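[1] fold the following for me, if possible:
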Amino acid sequence: MIEKLMNLLGVHSNGNLDPVVRQVTEDCLAEVCQRVVGRTEGMNFSEARGYLRARATKIVLRRTRILIAKSPEIDSAQMSRIARLATERLVPQVLRQARVGVPAMPVYRQAA
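    Model prediction:
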């Protein structure tokens, strides 16, 4: 009953898309990290997150198209949703991995 209501209202579970989203995220992680490394110094967390989303979008869309082309069981109408979910999952991973938007710990020098 609840499934029928969700379908009627256009609310769908992400359960069947999770493996696809995870695959796109894994495929894009290294390339996005490489693209943004060293370019976010001086940015606060919000600025860095927005910058990452902008830089990741093109890469994620390309990888999503490739994956959909290789997998006929994935509905191509879900491409934008898969790309959005993958970007939402990818950005925090890049932030953690590259420590983007995290201020560096100050170095205190001591006399010998």
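
[2] so what secondary structure elements neighbour the host helix or strand of residue 89?
    Under DSSP states H and E, the secondary-structure element containing residue 89 is helix 79-98. Judged by 3 or more Cβ pairs under 8 Å, 6 or more residues apart in numbering; DSSP states H and E, helix 79-98 is in contact with helix 18-36, helix 45-70. Heads up, the C-betas are built off the backbone N, CA and C, glycines and all.

[3] what would those look like in a markdown table with mean neighbour count?
    Listed next are those as a markdown table, based on neighbours: other Cβ atoms under 10 Å:
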| stretch | mean neighbour count |
| --- | --- |
| helix 18-36 | 17 |
| helix 45-70 | 17 |
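
[4] including mean pLDDT and distance to residue 88, could those helices go into CSV?
    Output for those, formatted as CSV (pLDDT from 0 to 100; distance: least, Cβ to Cβ, whole Å):
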stretch, mean pLDDT, distance to residue 88
helix 18-36, 93, 9
helix 45-70, 93, 9
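
[5] distance to residue 96 added to those helices, as TSV?
    Output for these, formatted as TSV (distance: least, Cβ to Cβ, whole Å):
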stretch	distance to residue 96
helix 18-36	10
helix 45-70	11
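
[6] minimum distance to residue 85: which of these has it?
    helix 18-36 (4.5 Å; Cβ to Cβ).

[7] which elements pack onto that closest one?
    Counting contacts by 3+ Cβ pairs under 8 Å, 6+ apart, helix 18-36 packs against helix 45-70, helix 79-98.

[8] off-centre distance for it?
    A distance of 7 Å separates the centroid of the chain from that of helix 18-36, by Cα atoms, centre = their mean, to the nearest Å.

[9] quick check: angle from it to helix 79-98?
    50 degrees (axes from the mean of the first three to the mean of the last three Cα atoms, to 10 degrees).
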